[in-house]
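Student: 3D model of this:
(chains A and B)
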There are 2 protein chains.
Amino acid sequence: MNIEGHPTRTIRPAADGHGVDIIDQTRLPHTLEWARLGTLESAAAAIKDMKVRGAPLIGATAAYGMALAIGEDASDARLEHAYKVLYATRPTAVNLRWALDEMRRALAPLPAARRRAAAWARAAAICDEDVAICSAIGDHGLALIRAAWDRRRAGGADRVNILTHCNAGWLATVDWGTATAPIYKAHDAGIPVHVWVDETRPRNQGASLTARELSWHGVPHTVVVDNAGGHLMQHGMVDLCIVGTDRTTAGGDVANKIGTYLKALAAKDNGLPFYVALPGPTVDWTIANGLRDIPIEQRAAREVTHIAGMDEGGVVREVRLTPEGSAAANYGFDVTPGRLVTALITERGVCPASRAGLIGLYPEHRNAAAE
Amino acid sequence: MNIEGHPTRTIRPAADGHGVDIIDQTRLPHTLEWARLGTLESAAAAIKDMKVRGAPLIGATAAYGMALAIGEDASDARLEHAYKVLYATRPTAVNLRWALDEMRRALAPLPAARRRAAAWARAAAICDEDVAICSAIGDHGLALIRAAWDRRRAGGADRVNILTHCNAGWLATVDWGTATAPIYKAHDAGIPVHVWVDETRPRNQGASLTARELSWHGVPHTVVVDNAGGHLMQHGMVDLCIVGTDRTTAGGDVANKIGTYLKALAAKDNGLPFYVALPGPTVDWTIANGLRDIPIEQRAAREVTHIAGMDEGGVVREVRLTPEGSAAANYGFDVTPGRLVTALITERGVCPASRAGLIGLYPEHRNAAAE
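Tutor: Residues are numbered from 1 along each chain as shown, chains lettered A, B, ... in the order given. Take a look at the predicted model:
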């Protein structure tokens, strides 16, 4: 998406051919700082230290990390070493493993002399594929926003209001994002979208990342606390919701950032559509019931008890919010049952959040999909 | 409630008879600091600067503010002046006005020479009345918690889990609190309660005030972000919810801190009881439909974009969370329709959140209550 009017990807090969540039997302939202990854180790550190985050962007960074490793030494041993080092950064990230497997499959059969060029080409292709998937999600979601806007405009409204939670945005992918792709497409098509951005405690990916990228691209938006969405929906200030997902079951249940379920309940109670945008490859066809089968990780309590921000002097500081002696719990995700999801928006089209809906779009999983 | 084992009210006449001591709540949760109010002006400033907050405690402070004013000069002019100064601090606070009216009614007919003693006596009585109301709410709510605990214990549980939002606690009243009164009563009765404390963005009254007072009294509790409650309820980690209310309609709709509605929806979706604790005098009998008739104030956007906490050096600092250029909106309250409220807990007993339920407990409002 755009930064100050310039179309920009979140990861890009350096102009001099000696590395890859990424946005250091740990510096957001206050500072835009590009970091040069020149070695396998720097790529691994960027993933581990969350300078890059979001499944697609982690996969893309890992792919380039393999290319950087091969550029230094194209041996089989180096290839395996790079795989292990990168895999160890986030062993639970499905996309990371997928990208590493792709790279190994493409490179292992080649003679060492041809691996460097092939690695850069395959990493670039992985990025382009992600962009194509997100763009297709955007096109399918655009139709839903356009329909909502047509209804609103007929009623005299001057904008269509979309609520989103967390950051399933450009900054989590190579370009477009997933939940944000329809929003960017609608904005670029001249539809007057306005986005309610849930701040998304405890890590505030909405208030920091989603607000930042919408602002860069020029999409009108307003940050609200996570508590506000129900009130906005009760009072006609939301027309539709679009969120992303970390894991979708074959039955259409959706695990996403903690708090998503509460917004889906409010949308249902107010008769508003609640959409979930996802790349088909993120569906976990081996499970059907998200509440039963998706374990929810507990993260560090410190994410709840402390928060970082920029002080008056421009210094980013962490401050403690809770009294000493009060414990905190920090569940990372919740599961929104498919019954509360109006539809899934995928790169292949829009479908009901159900086994039948998903298999309609992905018939190749008909036999394997859990029930 | 207790601070380090000592029963403590949030406001108390100074031992030397020359003022009133309050907890400076702007210093919480990090520092416990008592402030001496010795003049009308200091009492007014304490209300205006939110050193005291919560409707009952504001009323109590205003009553003592009148007593302080009368102690300096017991004339009619001084009485009217004190009324005006105190009323202007928070002109929308219903309890403030009620307490001032009470004081004026008690003092105006008296000769000046008798006003000082009467003022201190009436202010103390206002405090005692608030304590009695909260204590009665606690007794009625205790029965509900005891029943939930009996069911849980029969199922093998070792504690009963209560979720609350914001601070309808001891710190908002003179003692006991409203939503917290049943919790303190249950804890003191030996029932193993554990409280999930919603942090309650944007002002974090849960993470700072509720956590602080539960910790002082020794009630086991865990702070969670506002996003977490739905997940907790889906997984059997909540047995009942109890919240307070700023304004309850004659129809049983409840205006409370923003985000309350989302928790009520989640309770309903998971078949859990959602209770609202309130003193009968806070019912607004003139309106029935909360969504239609209760205007929701917008507060300063800065409460969303900035937050204060204690840094590593022990200094309380404010930091900015959002990027420059992103707008924020800040709705203070939302309305939970009576259909989502299992019951109201009042000083007269427990009743359905409906006109019939309320009139059953408060028959004196039968004719005036809006429909």
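Student: longest helix of chain A?
Tutor: helix A:112-154 (DSSP state H).
Student: Give me the distance from that one to the chain's centre.
Tutor: 12 Å (CA atoms, centre = their mean, to the nearest Å).
Student: so what's the closest residue to residue A:293 other than its chain neighbours up against?
Tutor: Of all residues not flanking residue A:293 in the chain, residue A:287 sits nearest, at 3.9 Å (CB to CB, 6 or more residues apart in numbering or on different chains). For the C-beta atoms, the positions are set from N, CA and C on the backbone; glycine is no exception. Neighbouring residues of residue A:287 by CB atoms under 8 Å, 6 or more residues apart in numbering or on different chains: A:249, A:250, A:251, A:293, A:294, A:370.
Student: Apply 6 Å and report the result again.
Tutor: A:249, A:293, A:370 (CB atoms under 6 Å, 6 or more residues apart in numbering or on different chains).
Student: got these as TSV, with pLDDT and neighbour count columns?
Tutor: TSV is the format used below for these (pLDDT from 0 to 100; neighbours: other CB atoms under 10 Å in any protein chain shown):
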residue	pLDDT	neighbour count
A:249	96	29
A:293	93	18
A:370	90	15
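Student: since we're on the nearest residue in space to residue A:98 that is not next to it in sequence, how many residues are nearby?
Tutor: Of all residues not flanking residue A:98 in the chain, residue A:59 sits nearest, at 6.2 Å (CB to CB, 6+ apart). By other CB atoms under 10 Å in any protein chain shown, 29 other residues sit near residue A:59.
Student: is it true that residue A:59 lies in a strand?
Tutor: No. Assigned with DSSP: H, G, I helix; E, B strand; the rest coil, residue A:59 falls outside any strand and is helix.
Student: circling back to that earlier point, for the residue nearest to residue A:293, grab phi and psi.
Tutor: Backbone torsions for residue A:287, taken as degrees, to the nearest 10, come to phi -130, psi 150.
Student: And it, how close does it get to chain B?
Tutor: Separation of residue A:287 from chain B (CB to the nearest CB, to the nearest Å): 16 Å.
Student: try residue A:114
Tutor: The value you get for residue A:114 to chain B, if CB to the nearest CB is used, is 44 Å.
Student: Read off the pLDDT value for that residue.
Tutor: Note on residue A:114: pLDDT of 97.
Student: Help me confirm that residue A:61 comes into contact with residue A:51.
Tutor: No. With contact defined as CB atoms under 6 Å, residue A:61 does not reach residue A:51; the gap is 8.7 Å.
Student: returning to that earlier point: what residues are up against the residue nearest to residue A:98?
Tutor: Contacts here follow CB under 6 Å, 6+ apart; on that basis residue A:59 touches A:95, A:96, A:99.
Student: and what of residue A:27?
Tutor: residue A:33.
Student: Please apply the same query to residue A:123.
Tutor: Applying CB under 6 Å, 6+ apart, one finds that residue A:123 lies in contact with A:63, A:64, A:67.
Student: And the pLDDT for it?
Tutor: As summarised for this prediction, residue A:123 has a pLDDT of 97.
Student: and the stretch 201-350 of chain A, which of its residues are near chain B?
Tutor: With CB under 6 Å from any CB of the partner chain as the criterion, the stretch 201-350 of chain A meets chain B at residues A:201-202, A:204, A:207, A:211-212, A:215, A:222-228, A:230-231, A:258-259, A:261-262, A:265, A:269, A:304, A:309-311, A:317, A:319-323, A:325-329, A:331, A:334.
Student: And residue A:61 and residue A:51? Which one has more around it.
Tutor: Using other CB under 10 Å, the more surrounded residue of residue A:61 and residue A:51 is residue A:61, with 29 against 20.
Student: How much space separates the closest residue to the more buried one other than its chain neighbours from chain B?
Tutor: Nearest residue to residue A:61 in three dimensions, chain neighbours excluded: residue A:52, at 4.8 Å (CB to CB, 6+ apart). Distance of residue A:52 to chain B, computed by CB to the nearest CB: 19 Å.
Student: which intervals of the stretch 201-350 of chain A have sub-threshold pLDDT?
Tutor: Nowhere does the stretch 201-350 of chain A drop to pLDDT under 70.
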